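K.L.:
have a look at this fold, sequence not included:
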């Protein structure tokens with residue numbers, strides 16, 4: 001009879017993890033110790049919702065908007081975590097405070113969790129809250145922020161809203177990943193997908209805007225209603241600029257005077273080339289620069305800030 005191997009009682013993970021702090025099962029942990037079960041349906045089925053906020057200069061920006069969307073997502077997916085918004089806010093603040101990051105990328109997740117019987121009935125699973133804080137990151141790197149992104153318009157179809165509601169943040173990213181690889185094959189930095197009508201939708205983790213003759217437009221279907229996207233509408237209203245959500249054709253995007261993308265991870269970022277061709281003059285546009293400046297100025301407004309209380313360091 002074949003001898004079975006002994007079960008390992010100790011697991012050493014030699015992989016590298018970014019610095020940060022996670023919250024799981026009532027504990028705050030370093031990132032390399034934050035694990036989920038292989039039986040969690042968030043892992044097995046992408047059955048989860050999440051939201052991403054950022055901390056800048058020691059304060060969250062528009063945290064309430066992110067939490068409103070997160071709790072709406074849980075309601076839409078029939079999930080419950082037993083925490084209210086104030087308690088989740090405290091968890092997120094603690095993750096950032098314990099990490100010590102003054103500028104941070106902060107994610108909160110609800111997974112379907114696990115079922116004691118491995119039941120395929122989602123009602124038998126215990127939903128799970130996870131949160132973590134990492135150093136602030138951006139869709140665009142420093143060079144791309146300075147010179148602009150090269151965007152590829154792919155023919156990859158964004159998952160239709162009738163299948164997966166894009167206004168609920170989710171991990172159904174394989175269409176976005178497919179688009180990214182299509183963009184890389186063309187020598188582009190990132191991708192934008194199209195909707196069921198062949199119009200522009202969104203990219204991996206960002207919304208897109210086009211500027212033409214002073215009019216600012218952004219897609220209105222098959223997209224996440226981003227918090228940074230909403231902030232651009234607020235900024236345009238202050239500038240007395242018309243900003244509309246509407247269908248944007250591939251031709252419209254390519255013929256724009258300026259193009260930019262928006263994301264919590266990076267804010268407002270310029271696009272200067274699409275499919276190898278320059279947008280407008282090929283330089284970063286003046287309207288984009290103005291909107292981006294106002295965006296970062298809004299981070300100082302008290303109504304948008306949720307401060308983090310950091311531990312007081314003992315003096316030597």
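P.N.:
Cool, the structure landed. These numbers come from a predicted model, not from an experiment. Residues are numbered from 1 along each chain as shown.
K.L.:
residue 118: how many residues sit nearby?
P.N.:
Per other CB atoms under 10 Å, the neighbour tally for residue 118 reads 11. Where C-beta positions appear, they are placed from N, C-alpha and C, glycine not excepted.
K.L.:
contacting residues for the residue nearest to it when sequence neighbours are not counted?
P.N.:
Nearest non-adjacent residue to residue 118, counting by CB to CB, 6 or more residues apart in numbering: residue 39, 6.5 Å away. Taking CB atoms under 8 Å, 6 or more residues apart in numbering, we find residue 39 in contact with 114, 115, 118.
K.L.:
now residue 273
P.N.:
148, 149, 150, 151, 188, 279, 282.
K.L.:
check what pLDDT it gets.
P.N.:
For residue 273, the pLDDT comes out at 98.
K.L.:
for stretch 163-172, give the mean pLDDT please.
P.N.:
pLDDT averaged over stretch 163-172 gives 96.
K.L.:
can you give me the end-to-end distance of stretch 220-235?
P.N.:
End-to-end span of stretch 220-235 (CA to CA, to the nearest Å): 18 Å.
K.L.:
report the rounded mean pLDDT for that stretch.
P.N.:
Here stretch 220-235 scores 97 as its mean pLDDT.
K.L.:
go ahead and name everything in contact with it.
P.N.:
Residues contacting stretch 220-235 (CB under 8 Å, 6+ apart): 62, 65-66, 69, 158-161, 166-167, 169, 195-196, 199, 201-202, 206-207, 209, 216, 218, 243, 245-247, 262-264, 267-268, 291, 294-295, 298.
K.L.:
from those, which land in helices?
P.N.:
Of the contacts of stretch 220-235, the ones assigned to helices by DSSP state H are 65, 66, 69, 291, 294, 295.
K.L.:
with the residues you listed in mind, which one is nearest to residue 32?
P.N.:
Nearest to residue 32 among these is residue 66, at 25.8 Å by CB to CB.
K.L.:
I figured the closest one was touching residue 50, is that so?
P.N.:
No - Residue 66 lies out of contact with residue 50 (CB atoms under 8 Å); the separation is 10.1 Å.
K.L.:
want to try a markdown table for the contacts of residue 39, with secondary structure and pLDDT as columns?
P.N.:
Converted to a markdown table, these look like this (DSSP: H, G, I helix; E, B strand; the rest coil; pLDDT from 0 to 100):
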| residue | secondary structure | pLDDT |
| --- | --- | --- |
| 114 | strand | 96 |
| 115 | coil | 95 |
| 118 | coil | 94 |
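K.L.:
so what's residue 36 up against?
P.N.:
By CB under 8 Å, 6+ apart, the contact set of residue 36 is 24, 42, 43, 111, 128, 130.
K.L.:
now residue 99
P.N.:
Counting by CB under 8 Å, 6+ apart, residue 99 touches 19, 20, 21, 133, 134.
K.L.:
mind doing that once more with 6 Å?
P.N.:
Residue 99 sits next to 20, 21, 133 when contact means CB atoms under 6 Å, 6 or more residues apart in numbering.
K.L.:
buried stuff in the helix or strand hosting the last one?
P.N.:
Read that as residue 133. In the assignment (DSSP states H and E), residue 133 maps to strand 126-135. Neighbour counts over strand 126-135 (16 or more other CB atoms under 10 Å) mark 127, 128, 129, 130, 131, 132, 133, 134 as buried.
K.L.:
paired strands for it, with orientation please.
P.N.:
strand 21-24 (antiparallel), strand 104-114 (antiparallel) (DSSP bridges).
K.L.:
got a markdown table for those strands, with distance to residue 252 too?
P.N.:
Converted to a markdown table, these look like this (distance: least, CB to CB, whole Å):
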| stretch | distance to residue 252 |
| --- | --- |
| strand 21-24 | 42 |
| strand 104-114 | 32 |
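K.L.:
what's the most buried one of these?
P.N.:
strand 104-114 (a mean of 24; mean count of other CB atoms under 10 Å).
K.L.:
that one: how far from the chain's middle?
P.N.:
Averaging C-alpha positions (CA atoms, centre = their mean, to the nearest Å) puts strand 104-114 12 Å from its chain's average.
K.L.:
so what touches it?
P.N.:
Contacts for strand 104-114 (CB under 6 Å, 6+ apart): 37, 39-42, 47-55, 70, 74, 79, 81, 92, 96, 122, 125-134, 136-137.
K.L.:
just the buried residues from the contacts of residue 273, in ChimeraX please.
P.N.:
The buried residues among the contacts of residue 273 can be selected in ChimeraX (16+ other CB under 10 Å) with this line:
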select :148,149,150,151,188,279
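K.L.:
quick check: the farthest pair among the contacts of residue 273?
P.N.:
188 and 282 (15.2 Å).
K.L.:
what sits against residue 206?
P.N.:
Residue 206 touches 139, 261, 263, counting by CB under 6 Å, 6+ apart.
K.L.:
for the first one, grab the count of nearby residues.
P.N.:
Using other CB under 10 Å, residue 139 has 21 other residues around it.
K.L.:
A helix includes it, no?
P.N.:
No - going by DSSP: H, G, I helix; E, B strand; the rest coil, the assignment for residue 139 is coil, not a helix.
K.L.:
alright, I will stop here.
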